[in-house]
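Asks: Task: produce atomic coordinates for the following.
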Amino acid sequence: MQPPVPSNVTETLNQYSSTQRLISFLCLLLGGGLVAQLLCIVVVRIASSDIQAGGMLADIITQYLANYFLGIAFIILSVSNLLIKRGLVEYKRLRLPTIILAASTAIVAFMLIPRMDYLRETALLDGLPVLFAPSAAYFTTLSALSISLLLIQLASGGVLLWRQLNH
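Replies: Down below sits the predicted model:
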């Protein structure tokens, strides 16, 4: 049997129920978007007959979706901080996964992918695919780092969704 809940806690929960539903909706939207991004990247890379063109298309998709993911993460972080200031301290559990998700998304979309695009362009100007260019090892390192950060992004989005839906 559960202990009785004080009336002020019940009033606080009722007062912010629509805000809590908004955060749950945004977490679901973010989790679904991350899974869709993963599936899209896998399909584009597998279905493409040209490896370099498939990688470029997957990077473009990642960059476009990064703007949406960062916006949603910012809203989740801002609203959860407001709820924490209002006394709902259980929303502190959303901070770390949201910050990790935002950081990994920003690093991939705004640092790694533009550098990989530059390496692709310089290799194509030399008439070579990027894997046969002098900077192939650097490109491979950036690509592996990008994939690992995308997996971290997916994992932190899953943790964020799990923490929000399982109070």
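Asks: Contacts only, for Thr98.
Replies: Taking C-beta atoms under 8 Å, 6 or more residues apart in numbering, we find Thr98 in contact with Ala73, Ile76, Leu77, Ser80, Ser156, Leu160. Placement of C-beta: from N, CA and C, glycine included.
Asks: Excluding sequence neighbours, find me the nearest residue to it.
Replies: In this structure, Thr98 finds its nearest non-sequential neighbour in Leu77, 4.7 Å apart by C-beta to C-beta, 6 or more residues apart in numbering.
Asks: Looks like that neighbour contacts Ala102 (just checking).
Replies: Yes: contact criterion C-beta atoms under 8 Å: Leu77 and Ala102 qualify, at 7.4 Å.
Asks: out of the two, which sits in the more crowded spot?
Replies: Ala102 (21 against 17; other C-beta atoms under 10 Å).
Asks: Where does the prediction get shaky in this structure?
Replies: Applying pLDDT under 70 to the chain flags residues 1-14.
Asks: can you do 90?
Replies: For the chain, residues meeting the criterion pLDDT under 90 lie at 1-20, 45-55, 86-90, 124, 127-133, 165-167.
Asks: Run through the helices of it in chain order.
Replies: With DSSP state H as the criterion, the chain has helices at 7-15, 17-47, 51-85, 95-107, 113-125, 136-165.
Asks: so which of those helices is the most packed in?
Replies: helix 95-107 (a mean of 19; mean count of other C-beta atoms under 10 Å).
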